[in-house]
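Visitor: Pasted the sequence and its predicted model underneath.
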2 protein chains.
Amino acid sequence: MFNHMVEQFAHLDAVFHALADPTRRAMLGHLAERELTIGELATPFSMSFAGASKHVRVLEHAGLVTRTIRGRTHLCRLQAARLAEADAWLRRYERFWNDRLDSLEALLRAEDEAQAKKK
Amino acid sequence: MFNHMVEQFAHLDAVFHALADPTRRAMLGHLAERELTIGELATPFSMSFAGASKHVRVLEHAGLVTRTIRGRTHLCRLQAARLAEADAWLRRYERFWNDRLDSLEALLRAEDEAQAKKK
DNA sequence: AAATAATTAAACCAATCGGTTGACAATCCA
DNA sequence: TGGATTGTCAACCGATTGGTTTAATTATTT
């Protein structure tokens, strides 16, 4: 159905893969508050620096996070563009979860038109 | 940030994992046209039936597809509710990719109010 | 009853996953 | 200078991934 515009969404593999892990989703949640260092990202999960570092690399690779090295700390910032891409992909299916609403609206419109004709 | 409402989205691991594979996303695209059997889902990918069967099981496990066995064929139907869940999760970040639009709107509103006061 | 078609099950494969540990490098501070 | 802090790298672990092949199951057709 939508396959003619497939190449628009080249990063979806990496983005959805990154989002499939609850630790990484939580990290994004924290980064939505403010920029955080690797250490700050690690502590809420009682996870080693190296573990957190790997998760951040996955997020970075998906383009969901950018890193600024300042001194010995690495500041991570949420990068939302790829989230918007994923959302755009999902919204192509919007009509499937809006179908009931859509048909209800169509029904109401039809009734309105019937009313208008009566007048 | 959003972590107080985390348990609302219990299926996100499975859903995002299912969406992370391009074959499965394409299958969903085909299922958006009409219901399809496992064999019909398999053929466009020059993949064994067993391979396609595994992908469908992943989609089923994520709640994105339901299966109706009729005779010896298994008819698969797109189930959009979980897509809507994933979309709802993503939209919590909407303001991050709308920030420029938001501030533009705020600016315009402020100008409108200034105009209104002049009159 | 026999042949064919649609699908799953099971075993296997190399690659990747999420996580650890330990060693190392760079930076800051006293 | 020397010690603490921040982070990466490499190696390793068991589990899972996406895929195959072969065999078995179930349903239809002839």
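Guide: The structure has been received and is ready for your questions.
Visitor: in chain A, which residue is closest to the centre?
Guide: A:L83 (3.4 Å; CA atoms, centre = their mean).
Visitor: Tell me which residues touch A:L19, please.
Guide: A:R25, A:L28, A:A86, B:L12, B:F16 (CB atoms under 8 Å, 6 or more residues apart in numbering or on different chains). For glycine as for every other residue, the C-beta is placed from the backbone atoms N, C-alpha and C.
Visitor: how does it look with 7 Å?
Guide: A:R25, B:F16 (CB atoms under 7 Å, 6 or more residues apart in numbering or on different chains).
Visitor: sorry, back to before: let me know the pLDDT of the residue nearest to the centre of chain A.
Guide: Listed pLDDT for A:L83 reads 96.
Visitor: And the closest residue to it other than its chain neighbours, its phi and psi?
Guide: The spatially closest residue to A:L83, leaving aside those adjacent along the chain, is B:Y93, at 5.0 Å (CB to CB, 6 or more residues apart in numbering or on different chains). As for B:Y93, its main-chain torsions (degrees, to the nearest 10) stand at phi -100, psi 10.
Visitor: quick one on the thing from earlier: report the inter-axis angle for the host helix or strand of the residue nearest to the centre of chain A versus helix B:81-91.
Guide: Assigning secondary structure by DSSP states H and E places A:L83 in helix A:81-91. If you take axes from the mean of the first three to the mean of the last three CA atoms, to 10 degrees, helix A:81-91 sits at 150 degrees to helix B:81-91.
Visitor: which residues are contacting helix A:81-91?
Guide: A:9, A:11-12, A:15-16, A:62-64, B:83, B:86-87, B:90-91, B:93, B:97.
Visitor: let's see 8 Å
Guide: Residues contacting helix A:81-91 (CB under 8 Å, 6+ apart): A:9, A:11-12, A:15-16, A:19, A:62-64, B:25, B:83, B:86-87, B:90-91, B:93-94, B:96-97.
Visitor: Which positions in that helix come out as buried?
Guide: For helix A:81-91, a neighbour-count test (16 or more other CB atoms under 10 Å in any protein chain shown) marks A:R82, A:L83, A:E85, A:A86, A:D87, A:W89, A:L90 as buried.
Visitor: quick one: that helix to chain centroid distance?
Guide: 6 Å (CA atoms, centre = their mean, to the nearest Å).
Visitor: now stretch A:45-53
Guide: Counting by CA atoms, centre = their mean, stretch A:45-53 comes out at 23 Å from the chain centroid.
Visitor: swap in stretch A:37-47?
Guide: 22 Å.
Visitor: quick one, strands of chain A?
Guide: A:36-37, A:65-70, A:73-78 (DSSP state E).
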